[in-house]
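Participant: make a model of this:
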Amino acid sequence: MTGPLALVGGDELKPGNEPQDRVLVEAARGGHGFVLATAAARQRPELAVRHARSWFADLGLDVHELPVYTPTHARSAELAARAADGTFFYLVGGDPGLVADVLRGSAVWEAIVSAWRGGAALAGSSAGAMAMGEWTLIRGRFPGDRQRSYREALALARSVAVLPHFGGFGRSWAPSALEGRPTDEVVLLGLDERTAAVWENDRWRAMGDGAVTLITRGDERRFPAGVDIEGLPPPGVR
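Facilitator: Take a look at the predicted model:
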């Protein structure tokens with residue numbers, strides 16, 4: 001049976017995230033916990049790692065960095081072997097395209113997915129959550145452009161493209177994301193900050209401070225915290 005999977009809308013590692021993070025910590029069973037700051041590679045990743053270690057220590061789990069910043073790191077047999085022993089993985093936010101580009105098809109990602117299938121907890125926030133969809137949404141022509149284009153991602157969340165920070169700027173991405181869908185099967189998953197769609201016990205549930213929104217062409221449904229999310233495909237790499 002797989003472990004829990006949490007897709008978080010951003011503003012991670014802060015108060016308001018406790019419901020989903022406690023689920024992850026409990027599933028880790030005090031084992032080897034790892035934080036991956038891949039998405040923050042260009043943004044002082046050591047700060048994200050320090051913050052994650054402090055946050056999860058307060059929740060009762062000791063986590064360490066799995067340093068994966070380049071495709072070369074992701075192909076490392078040594079890092080893949082470390083990941084294989086993990087019971088908890090958290091991918092922080094940052095660059096929406098970098099995580100997928102670095103991890104896709106790599107030995108480290110295969111080890112993480114195998115550990116998750118064996119019961120390990122797995123989570124990604126903002127760019128980390130975007131990378132776990134079948135597609136990640138990349139910014140358009142210049143900084144601040146609301147136009148988003150699709151790029152192949154890690155496809156753990158099948159048929160999904162994540163819109164993080166949905167209670168704020170993330171909602172502005174929805175029109176172009178709907179218009180540019182590569183297939184009618186795309187489900188846009190809007191995640192408010194400090195809010196997660198959590199897969200556990202064969203169901204998706206909204207957790208955290210805000211709500212989860214599912215958007216398909218002509219249909220938008222919002223699920224407040226504590227409610228099962230209907231219409232979101234079960235996870236699993238094809």
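Participant: dump stretch 121-140 to PDB, restricted to CA.
Facilitator: Only the C-alpha atoms of stretch 121-140 are listed here, as PDB (Å, rounded to 0.1, in the frame of the first residue of the first chain):
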ATOM      1  CA  ALA A 121       5.300   9.700   3.000                       C
ATOM      2  CA  LEU A 122       5.700  12.000   0.000                       C
ATOM      3  CA  ALA A 123       4.900  15.700  -0.400                       C
ATOM      4  CA  GLY A 124       5.600  18.600  -2.600                       C
ATOM      5  CA  SER A 125       4.700  22.300  -2.100                       C
ATOM      6  CA  SER A 126       4.100  24.900  -4.800                       C
ATOM      7  CA  ALA A 127       6.700  24.100  -7.500                       C
ATOM      8  CA  GLY A 128       7.300  20.700  -5.800                       C
ATOM      9  CA  ALA A 129       3.600  19.900  -6.100                       C
ATOM     10  CA  MET A 130       3.400  21.200  -9.700                       C
ATOM     11  CA  ALA A 131       6.200  18.800 -10.600                       C
ATOM     12  CA  MET A 132       4.200  15.800  -9.400                       C
ATOM     13  CA  GLY A 133       1.400  16.400 -11.900                       C
ATOM     14  CA  GLU A 134       1.400  15.000 -15.300                       C
ATOM     15  CA  TRP A 135       2.300  18.500 -16.500                       C
ATOM     16  CA  THR A 136       3.800  21.500 -14.900                       C
ATOM     17  CA  LEU A 137       2.800  25.000 -16.000                       C
ATOM     18  CA  ILE A 138       5.700  27.300 -17.100                       C
ATOM     19  CA  ARG A 139       5.600  31.000 -17.100                       C
ATOM     20  CA  GLY A 140       5.200  32.800 -20.500                       C
END
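Participant: check which element follows the top helix by length along the chain along the chain.
Facilitator: The longest helix of the chain (DSSP state H) is helix 45-58. Heading C-terminal from helix 45-58, the first helix or strand you meet, by DSSP states H and E, is strand 63-65.
Participant: pull the residues that contact the longest helix of the chain.
Facilitator: 13-14, 21, 25, 33, 35, 37-38, 40, 62-65, 69, 90, 92, 94 (CB atoms under 8 Å, 6 or more residues apart in numbering). (Each C-beta comes from the backbone N, C-alpha and C, glycine too.)
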